[in-house]
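Engineer: Give me the fold of what follows.
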Amino acid sequence: MPDPRIAGFERRTFLRAASAVGATTAFATTLTACGGPASNTEGGSGAGGASDTIEAGFSYPLSTGFDPMITSGATPYAANMHIFEGLVDLDPATLAARPTLATEMPKKINATTYRATLREGATFHDGSDVTSEDVVFSFERILDPKNASLMAQFVPFIDTVKAVDKRTVEFKLRYPFALFPSRIAVARIVPKKIVEADVKAFDAKPVGSGPYRFVEAVRENKIVMSAYDKYNGPHPAKVKKLVWRLMSDPSARVSAMESGRVQAIEDVPYIDVKRLAGTTKTKSVQSFGLLFLMFNTEDERFADKRVRQALHYALDTEKIIKTAMVGQAEAATGYVPATHPDYHKASTVYTHDVAKAKKLLADAGVADLSFTLLVADTGWVKDIAPLLKESWQAAGIEAKLNIAQSPAQYAKVDKGNYEVLAAPGDPSVFGNDVDLLLRWFYYGIWPETRYGWAESAEYKKVKKLLDQAAQSADEDKRKQLWGEVTDLVADEAPLYPILHRKLPTAWSDEALSGFKPLPTTGLSFIDVARA
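Structural biologist: Residues are numbered from 1 along each chain as shown. Here you go, the predicted model:
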């Protein structure tokens, strides 16, 4: 199953990634990295198992390769956080930017020039030095349109990257961008020599400079990583081995956690959170992760924002959260959740108001509204779908549910063959600043090809406001402009969140030391040891 954070990303990127995966047997058979530990020496698990190994249960199989320029799967993306480094990384739990391969946060030379210095002695997992040439290569392959990198959309402000010397890199920007030091966390540094030699092999057997090195991966079974002994960075491995069990079946993850086979699991089913809390440590972290409605605005009914608003007002979101999610979500009152540092309460907040929904439909001249709702088959979304239908029925709106895997649904979307889509999304793993989060859904591929907003005056205004905010050095001004964008997209609602969900994680605090649940999909064992 594709990662719900980014399912349905730009088609050209998807096809390129699919091509790379399809050209190798990486995910059909077991892969073992040259020189890595043998796959039959994983060690024990649970309280009585090996103290040098952490085993964990993940909810998504391998749906893409590991090349950090294009990877889209939740599980390989999480693995890459252990295998690769950026000049700057995000703290997995707080999403705050911090220097990693760089000795400190990039230095601002002038409004459009930054420099970063690599830490001395950093090496890739093949033993070769990490050099400024590798950094330049890593950024240039992201910026090259022919590579269709998923990360390119996050760094459009970069003009050139050059090596000043072996350990110093200089960035020239197209325009001032105040968030530059933290935003470059989206770029992972890769070894030029290895990638150029065989990019498909690299996608299957990644080589980075992080605290853990890739050992093997089996598509619907496991990922194994081992400590990289020559790592000299700020976050060395604290166990010898990580074994990630890929368990898409929720009951299998819960059973593995209860039996002690694994020390942590992600994506605890909401219905099991309370029960697991009796025997393990559980916590639900508020995330940006949202359930959204997206409308085909080229359909004359949904071209009228009053119809889109009506469908939002008709939803009994609190009942949905209480019934399907056991209270583990917050109704959207803005584009980002109220816990976000740059939260802005939207000027339009969709409370449950059936009378208002009916009036909006009447004012729009739409009677007996009926449509097909495409629904992504993610477990918690499937649980919500019948409640969406029920809410709309109370307002005289008929929705036929069409539930299928995300790739199939987005294939319809990308052909314009849909009316309304309900799906999950969470780009916050790439960065938590509002500019990035707003641009994901409201700048580029989504408005221009998915919900048909390209020629609208509102879309042009959104782009103008986001560009003004990006180029402003005044933090208060940026927040003001982001607030204006939030108000506009909330009122127009071509794509807008219904709720922001909480992410329940379970772990053994008797077995793990330093573990923290994340506000994004996945688990992190950076700075985590066996207790």
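Engineer: what ranges do the helices span in the stretch 101-250 of the chain?
Structural biologist: With DSSP state H, counting those that start in this stretch applied, the stretch 101-250 of the chain shows helices at 132-143, 180-183, 192-197, 199-204, 250-259, listed in chain order.
Engineer: Mean neighbour count and mean pLDDT added to these, as CSV?
Structural biologist: Every C-beta, even on glycine, is put in place using the N, C-alpha and C of the backbone. Listed next are these as CSV, based on neighbours: other Cβ atoms under 10 Å; pLDDT from 0 to 100:
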stretch, mean neighbour count, mean pLDDT
helix 132-143, 21, 98
helix 180-183, 20, 96
helix 192-197, 16, 98
helix 199-204, 19, 97
helix 250-259, 18, 95
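Engineer: so can I have JSON lines of these showing distance to Leu360?
Structural biologist: Supplementary listing: the helices of the stretch 101-250 of the chain in JSON lines, determined by distance: least, Cβ to Cβ, whole Å:
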{"stretch": "helix 132-143", "distance to Leu360": "43"}
{"stretch": "helix 180-183", "distance to Leu360": "39"}
{"stretch": "helix 192-197", "distance to Leu360": "53"}
{"stretch": "helix 199-204", "distance to Leu360": "48"}
{"stretch": "helix 250-259", "distance to Leu360": "38"}
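Engineer: of all those, which lies closest to Asp165?
Structural biologist: Go through those one by one with Cβ to Cβ and the one that ends up closest to Asp165 is helix 132-143, at 6.8 Å.
Engineer: Counting by contacts, list what that closest one packs against.
Structural biologist: Helices and strands in packing contact with helix 132-143 are listed as strand 158-165, strand 168-173, helix 192-197; criterion 3 or more Cβ pairs under 8 Å, 6 or more residues apart in numbering; DSSP states H and E.
Engineer: what distance separates it from the centre of its chain?
Structural biologist: The chain centroid and the centroid of helix 132-143 are separated by 22 Å under Cα atoms, centre = their mean, to the nearest Å.
Engineer: Contacts for that helix next, please.
Structural biologist: Contact with helix 132-143 is made by 69, 87, 101, 116, 118, 124, 147, 149, 151-152, 155, 158, 161-169, 187-192, 195, as judged by Cβ atoms under 8 Å, 6 or more residues apart in numbering.
Engineer: Now do the residue nearest to Asn432 when sequence neighbours are not counted, the pLDDT please.
Structural biologist: Once its chain neighbours are removed from consideration, Asn432 has its nearest residue in Leu95; the separation is 4.0 Å (Cβ to Cβ, 6 or more residues apart in numbering). With respect to pLDDT, Leu95 has a value of 93.
Engineer: Just say helix, strand or coil for Leu95.
Structural biologist: coil (DSSP: H, G, I helix; E, B strand; the rest coil).
Engineer: Buried residues, the longest strand seen in the chain. List them.
Structural biologist: Taking DSSP state E as the assignment, the strand of the chain that covers the most residues is strand 281-295. Going by neighbour count (16 or more other Cβ atoms under 10 Å), the buried part of strand 281-295 is 281-282, 284-295.
Engineer: quick one: low-confidence parts of the protein?
Structural biologist: For the chain, the stretches flagged by pLDDT under 70 are 1-50.
Engineer: so where's the longest helix in it?
Structural biologist: Secondary structure of the chain read by DSSP state H shows that its longest helix is helix 475-492.
Engineer: Could you identify the helix or strand that succeeds that helix?
Structural biologist: Note on helix 475-492: by DSSP states H and E, the next helix or strand toward the C-terminus is strand 495-507.
Engineer: Report the distance from the helix or strand following that following strand to the chain centre.
Structural biologist: Scanning forward in sequence from strand 495-507 by DSSP H and E, the next helix or strand is strand 512-513. With Cα atoms, centre = their mean as the basis, the distance from the averaged C-alpha position of strand 512-513 to the chain average is 25 Å.
Engineer: Could you list every helix and strand that strand 512-513 packs against?
Structural biologist: Counting by 3+ Cβ pairs under 8 Å, 6+ apart, the packing neighbours recorded for strand 512-513 are strand 529-530.
Engineer: Which neighbours in the sheet does the strand it packs on have, and how are they oriented?
Structural biologist: Strand 529-530 sits in its sheet next to strand 512-513 (antiparallel), going by DSSP bridges.
Engineer: rewinding a little: what residues sit buried inside the longest helix of the chain?
Structural biologist: Buried residues in helix 475-492, counted by 16+ other Cβ under 10 Å: 478-479, 481-490, 492.
Engineer: now the residues you listed as TSV including distance to Ser248?
Structural biologist: As requested, the buried residues of helix 475-492 are exported to TSV (distance: Cβ to Cβ, whole Å):
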residue	distance to Ser248
Arg478	40
Lys479	40
Leu481	41
Trp482	36
Gly483	39
Glu484	41
Val485	36
Thr486	35
Asp487	39
Leu488	38
Val489	33
Ala490	34
Glu492	36
